[in-house]
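Participant: output the structure for:
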Amino acid sequence: MSPYIISLFLFTLGLGTMFTFASSHWLLAWMGLEINTLAIIPIMLIYHHPRAVEATTKYFLVQATAAATLLFASTINAWMTGQWNIYSTTHPLPMLMIIMALSLKLGLAPLHTWLPEVLQGLTLNTGLILSTWQKLAPFALLLQLPLHNQTALTLMAIISILVGGWGGLNQTQLRKILAYSSIAHLGWMLLIIQFSPTLTLLALLMYLLITTTAFLVLRTTNTLTLNTLANSWTKMPLVAALFPLVLLSLGGLPPLSGFLPKWMILQELAKQELPLTATIAAMGALLSLYFYLRMSYATTFTFPPAPLPLTTSWRTTRNKMSFTLPTFMTTSMLLLPLTPNIMTLITFN
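Facilitator: Have a look, this model is predicted:
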């Protein structure tokens, strides 16, 4: 595909997301989501092979179902309340349908089964877009909704944390592991959205930062499975040494950057007198931490079999590490000491 065509689709992808950001009317927000979906479909099919076609078809059907449900729910809300404004979504039935539609778009459990299969069929570059940029538009709508006492949202968030941790335990494909990691992090974000949307935004930004770093490392080392993580030492030793810290930060282990949002979320849940919810979320994070430790072990403490059946690594062309990867890796690990500065920049409710 021509670089100009790819640039056009990427521009349209960003335009659809920004269109949703700027919309307070349900029809305009729905149009932005549709533009966003239609723009990423050709990007997913850059490499035309059966697995990519299957993943693209699944993604299109899921997103079309979610968009139709969202449009139907917003129409019911306009019929019941006489308002198309997103802030005026007050009736319980349309609100529940909208939450389910946006959860389906995000891949929130129990509507998550499409996400690992779709992500597995994509390249790392497209998977990065699907795991990061595609989360922004649905979250922009969720942050605008008047969410109060939404038991269904809390229940789905808890299920997502548990399913995201449990589902990644027996996976060997790194893209599926990152998909289940995404599901678990989505649960953390939506768990606190009713009480502190600012904390949800902080958790989202931290997730985007660390997940982008993980995808950039896998793309740089050209690693797709758990067994090939050991080959990273022969390709880029420094990156292989720092990658476990990125994974542990993604798992929320102190004193790394990923600990900051989980710490704040658990503190806010304690303030809201929800100790059981906070305990279940913390226990669910231990499940996710297990497969991050598994990936870290495969990267640092295992070695490829000898002799290698492939061409030795010093005879192959080395990947050039740009300035982007060190910057992302540094911020993914060292933001926790800046917690007071971050808290002064963000006013918590």
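Participant: you'd agree G16 is up against A137?
Facilitator: Yes. Counting by Cβ atoms under 8 Å, G16 does reach A137; the two are 7.2 Å apart. Heads up, the C-betas are built off the backbone N, CA and C, glycines and all.
Participant: joint contacts of those two?
Facilitator: Common contacts of G16 and A137, defined by Cβ atoms under 8 Å, 6 or more residues apart in numbering, comprise G32, L33, N36.
Participant: just send the residues you listed back as JSON lines, with distance to S232 and neighbour count too.
Facilitator: Listed next are the shared contacts of G16 and A137 as JSON lines, based on distance: Cβ to Cβ, whole Å; neighbours: other Cβ atoms under 10 Å:
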{"residue": "G32", "distance to S232": "39", "neighbour count": "22"}
{"residue": "L33", "distance to S232": "37", "neighbour count": "27"}
{"residue": "N36", "distance to S232": "34", "neighbour count": "26"}
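Participant: circling back to that earlier point, neighbour-wise, which of G16 and A137 wins?
Facilitator: A137 (26 against 21; other Cβ atoms under 10 Å).
Participant: any idea how far stretch 211-227 is from the chain center?
Facilitator: 15 Å (Cα atoms, centre = their mean, to the nearest Å).
Participant: just the buried positions in that stretch, please.
Facilitator: Under the neighbour-count criterion of 16 or more other Cβ atoms under 10 Å, stretch 211-227 has 211-221, 223-224, 226 buried.
Participant: can you list which of those are found in helices?
Facilitator: T211, T212, T213, A214, F215, L216, V217, L218, R219, T220, T221 (DSSP state H).
Participant: so what's the fourth one closest to, chain neighbours aside?
Facilitator: Closest residue to A214 in three dimensions, ignoring its sequence neighbours and counting by Cβ to Cβ, 6 or more residues apart in numbering: V246, at 5.9 Å.
Participant: for the residue lying closest to L216 once chain neighbours are set aside, give me its contacts.
Facilitator: Counting by Cβ to Cβ, 6+ apart, L325 is the residue found nearest to L216 once chain neighbours are left out, at 5.1 Å. By Cβ under 8 Å, 6+ apart, the residues touching L325 are T213, L216, V217, T220, V239.
Participant: put the alpha carbons of the one helix or strand L325 maps to into PDB.
Facilitator: Assessed by DSSP states H and E, L325 sits inside helix 324-333. Extracted in PDB, the C-alpha atoms of helix 324-333 (Å, rounded to 0.1, in the frame of the first residue of the first chain):
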ATOM      1  CA  THR A 324      11.400   7.200  20.800                       C
ATOM      2  CA  LEU A 325      12.000   3.900  22.500                       C
ATOM      3  CA  PRO A 326      14.500   5.200  25.200                       C
ATOM      4  CA  THR A 327      12.200   8.100  26.000                       C
ATOM      5  CA  PHE A 328       9.100   5.800  26.400                       C
ATOM      6  CA  MET A 329      11.100   3.300  28.500                       C
ATOM      7  CA  THR A 330      12.400   6.000  30.800                       C
ATOM      8  CA  THR A 331       9.000   7.500  31.500                       C
ATOM      9  CA  SER A 332       7.400   4.000  31.800                       C
ATOM     10  CA  MET A 333       9.700   3.300  34.800                       C
END
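Participant: could I get the buried residue list for it?
Facilitator: Result for helix 324-333 [16+ other Cβ under 10 Å]: buried residues L325, F328, M329, T331, S332, M333.
Participant: and this structure, what are its domains?
Facilitator: Domain assignment for the chain by automatic domain parsing gives 1-123, 147-304+317-349.
Participant: please state the offset of the shortest one from the chain centre?
Facilitator: In terms of Cα atoms, centre = their mean, the centre of domain 1-123 is set 15 Å apart from its chain centre.
Participant: hang on, the earlier thing: and of the buried residues of helix 324-333, the nearest to L169?
Facilitator: For the buried residues of helix 324-333, the residue nearest L169 by Cβ to Cβ is S332; the value is 23.3 Å.
Participant: surely that closest one meets I210?
Facilitator: Yes. Between S332 and I210 there is a contact under Cβ under 8 Å: 4.6 Å.
Participant: now do the shared contacts for these two.
Facilitator: What both S332 and I210 touch, as defined by Cβ under 8 Å, 6+ apart, is the set V246, S249, L250, S257, G258.
Participant: so of those, which ones are in helices?
Facilitator: Short answer: the shared contacts of S332 and I210 in helices (DSSP H) are V246, S249, L250.
Participant: quick check: pLDDT value at N231.
Facilitator: pLDDT recorded at N231 is 78.
Participant: do the same with T316
Facilitator: At T316, pLDDT is 47.
Participant: picking that back up, can you put the ones in helices among the buried residues of stretch 211-227 in JSON lines and add pLDDT?
Facilitator: As requested, those are exported to JSON lines (pLDDT from 0 to 100):
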{"residue": "T211", "pLDDT": "93"}
{"residue": "T212", "pLDDT": "93"}
{"residue": "T213", "pLDDT": "92"}
{"residue": "A214", "pLDDT": "92"}
{"residue": "F215", "pLDDT": "93"}
{"residue": "L216", "pLDDT": "91"}
{"residue": "V217", "pLDDT": "90"}
{"residue": "L218", "pLDDT": "90"}
{"residue": "R219", "pLDDT": "88"}
{"residue": "T220", "pLDDT": "86"}
{"residue": "T221", "pLDDT": "84"}
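Participant: next, format those residues as a markdown table and append distance to Y180.
Facilitator: Output for these, formatted as a markdown table (distance: Cβ to Cβ, whole Å):
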| residue | distance to Y180 |
| --- | --- |
| T211 | 12 |
| T212 | 17 |
| T213 | 18 |
| A214 | 13 |
| F215 | 15 |
| L216 | 19 |
| V217 | 18 |
| L218 | 15 |
| R219 | 19 |
| T220 | 22 |
| T221 | 21 |
